[in-house]
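Asker: Dropping the sequence and predicted coords here.
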Amino acid sequence: MVINKFVIALLSLLIIPDVKPQLLLDKATSQGHAEAFIKSVPTNEFDNYVQEFGANETNENGSIDKAGLTAVSSTTEYKWTLENKTFYSYIKAFRTDLSLPPVCLSSSGEVALWRTGCSRAVSHFVQCHLFIISPSKKLIAVQPLYIPQPNFIEAKPACFDVYAMAPAKVVKDGMLIVAGYYDSRWTCNSGWYCASNSPAASPDPLYKTTFLVRFSTDEKGQFTLSQDDKCMPPLNPYDTIAKARGALKKNGCH
């Protein structure tokens, strides 16, 4: 059977594969340059967002404990490209919620945990946020990194540090972020362990998990971000980029 070459050519034009834009890390830009760039961004670009979405805490003496950005000790300042657009990443954490941990609301746990610091568990709770900055030093998109309440944490899951960031590759429009979190009833120190203020308490582990953030653009060409909990379920055990990429491939995510 002879198939007309014209028909084949026409079919090839009609069958257009759904190719998503590739998110790429700009390796030509040094980390030092990216860090210097973020430091030069006016602080109000971040402060305005924190003021709108942060949760200030009122102390017993009436003073206000503002939900300021906390230090994420790892490097999160990088330059990226997507759809011929460049931007910079920056991850910081701040308190977004003043609700009590579930154990503080139960009749059996309220007194027990309150004596060791229900209020402290609220004060120490912070949520990591991925900030996207344009080359003109404007905040153009933000994605909170949501951690649901685990059954193995007594208070609240507080995001603490970021260990790796990289393109998902398998998911072309995705960024993988490996982060650590801990039980907010403890005081976290130096990124290596989290321990109670009481010397008699055993150290709590610092849990690790990976987030998948997808990038897209709206009709105006503006970036929109979303956390994909289907391809990368919350509380997953992936503590490296390689393990997370392997899971995405295994699950058929793209």
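Answerer: Thanks, I have it.
Asker: Now do the same for residue 97: helix, strand or coil?
Answerer: Going by DSSP: H, G, I helix; E, B strand; the rest coil, the secondary structure assigned to residue 97 is coil.
Asker: That one contacts residue 125, doesn't it?
Answerer: Yes - counting by CB atoms under 8 Å, residue 97 touches residue 125, with 6.5 Å between them. (Glycine included, C-beta is placed from N, CA and C.)
Asker: Name the residues contacting each of those two.
Answerer: Contact criterion CB atoms under 8 Å, 6 or more residues apart in numbering; residues shared by residue 97 and residue 125: residue 156.
Asker: out of the two, which sits in the more crowded spot?
Answerer: residue 125 (23 against 13; other CB atoms under 10 Å).
Asker: my read: the more buried one touches residue 159, true?
Answerer: No - at 9.1 Å, residue 125 does not count as touching residue 159 under the criterion of CB under 8 Å.
Asker: what's the span of stretch 25-32, first residue to last?
Answerer: One end of stretch 25-32 sits 14 Å from the other (CA to CA, to the nearest Å).
Asker: Can you point out the buried residues in that stretch?
Answerer: residue 29 (16 or more other CB atoms under 10 Å).
Asker: if we look at that stretch, which residues are touching it?
Answerer: So stretch 25-32 is contacted by 75, 77-81, 86, 166-167 (CB under 8 Å, 6+ apart).
Asker: gap between residue 239 and residue 143?
Answerer: Using CB to CB, to the nearest Å, residue 239 is found at 21 Å from residue 143.
Asker: neighbour-wise, which of those two wins?
Answerer: It is residue 143, of residue 239 and residue 143, that has more neighbours when counted by other CB under 10 Å, with 22 against 17.
Asker: contacting residues for residue 77?
Answerer: So residue 77 contacts 31, 34-35, 37-38, 88-90 (CB under 8 Å, 6+ apart).
Asker: ranges for the strands of the stretch 1-150 of the chain?
Answerer: 24-25, 57-58, 64-65, 78-82, 85-94, 127-133, 139-144 (DSSP state E, counting those that start in this stretch).
Asker: Okay, buried residues for the longest one please.
Answerer: For strand 85-94, the neighbour count (16+ other CB under 10 Å) marks 87-94 as buried.
Asker: And the residues you listed, which is closest to residue 55?
Answerer: Taking CB to CB as the measure, residue 55 lies nearest residue 94 of those, at 8.4 Å.
Asker: Distance of the nearest residue to residue 241 once chain neighbours are set aside relative to residue 223?
Answerer: Leaving aside its chain neighbours, residue 241 sits nearest to residue 166 (4.6 Å; criterion: CB to CB, 6 or more residues apart in numbering). Residue 166 sits 18 Å away from residue 223, taking CB to CB as the criterion.
Asker: Same question for residue 56.
Answerer: 28 Å.
Asker: These two: who's more crowded?
Answerer: residue 223 (17 against 13).
Asker: could you check the distance from the closest residue to that one other than its chain neighbours over to residue 222?
Answerer: Among residues not flanking residue 223 along the chain, residue 141 sits closest, at 4.4 Å (CB to CB, 6+ apart). Using CB to CB, residue 141 is found at 8 Å from residue 222.
Asker: same thing with residue 87?
Answerer: 11 Å.
Asker: circling back: from the contacts of residue 77, which single one is nearest residue 48?
Answerer: Distance to residue 48 across those (CB to CB) is lowest for residue 90, with 14.8 Å.
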